[in-house]
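Visitor: this one's structure only:
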């Protein structure tokens, strides 16, 4: 059995990482879905009139919506939701679990993420295993729409 850590934070990039796990891992693998809400996120969530979502609702969405592809794929998985920054939370779980693989969504601005010591910086410095960066899905373009229409019109 392999242990795989996947970063889950509700972003498009994170959804791509979770989807990769659902499509490429098996029920013999153990997946640890790691999410976090730091002090800044909780502060914003608790502003009256700003957002009606509570931290417990974010944790519930984490398990039910953001990790749903893991459930649908029949994977053996557990949710770990920490009070921390996402990168620090993943690094802490890496230290404790010694995983065989870490799966993260590729930031749209990789250089900025690395320069600002974002999530990926923490993961790359702590992981003694391969780290897979999954790119987000490519948005459809006008050319894709034209090609699809041409294929529909083909005899």
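Guide: Alright, I've got the coordinates. Please read all numbers here as calculations on a predicted model, not as lab measurements.

Visitor: make it CA atoms for all contacts and neighbour counts henceforth
Guide: Fine.

Visitor: ok but residue 31 is inside a strand, no?
Guide: Yes - secondary structure assignment places residue 31 in a strand (DSSP: H, G, I helix; E, B strand; the rest coil).

Visitor: contacting residues around stretch 6-18?
Guide: With contact meaning CA atoms under 8 Å, 6 or more residues apart in numbering, stretch 6-18 is reached by 21, 31-36, 62, 66-67, 69-70, 86, 90, 102-108, 133-137.

Visitor: in PyMOL, how would I select just the buried ones from those?
Guide: This is how PyMOL selects the buried members of the contacts of stretch 6-18, with burial counted by 16 or more other CA atoms under 10 Å:
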select buried, resi 21+31+32+33+34+35+36+62+66+67+69+70+86+90+102+103+104+105+106+107+133+134+135+136
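
Visitor: number of nearby residues for the residue nearest to residue 27 when sequence neighbours are not counted?
Guide: For residue 27, ignoring the flanking residues on the chain, the nearest one in space by CA to CA, 6 or more residues apart in numbering is residue 75 at 4.6 Å. By other CA atoms under 10 Å, 18 other residues sit near residue 75.

Visitor: distance of residue 75 from residue 98?
Guide: Using CA to CA, to the nearest Å, residue 75 is found at 19 Å from residue 98.

Visitor: then residue 22?
Guide: Distance, residue 22 to residue 98, by CA to CA: 21 Å.

Visitor: the more surrounded of the two?
Guide: Using other CA under 10 Å as the criterion, residue 22 and residue 98 rank with residue 22 on top: 21 against 16.

Visitor: what secondary structure does that one sit in?
Guide: Following three-state DSSP, we place residue 22 in the helix state.

Visitor: ok, it touching residue 75?
Guide: Yes - proximity of residue 22 to residue 75 meets the contact threshold set by CA atoms under 8 Å, at 7.3 Å.

Visitor: neighbours of residue 57, how many?
Guide: Residues near residue 57, counting by other CA under 10 Å, number 11.

Visitor: any idea which helix or strand comes after the host helix or strand of it?
Guide: Secondary structure assignment for residue 57, by DSSP states H and E: helix 55-61. Going down the chain from helix 55-61, the next helix or strand is helix 68-72, by DSSP H and E.

Visitor: can you list contacts of the next helix or strand after that next one?
Guide: Once the chain leaves helix 68-72, the next helix or strand it forms, by DSSP H and E, is strand 76-82. For strand 76-82, the external contacting residues (CA under 8 Å, 6+ apart) are 27-37, 59, 63, 70-71, 89.
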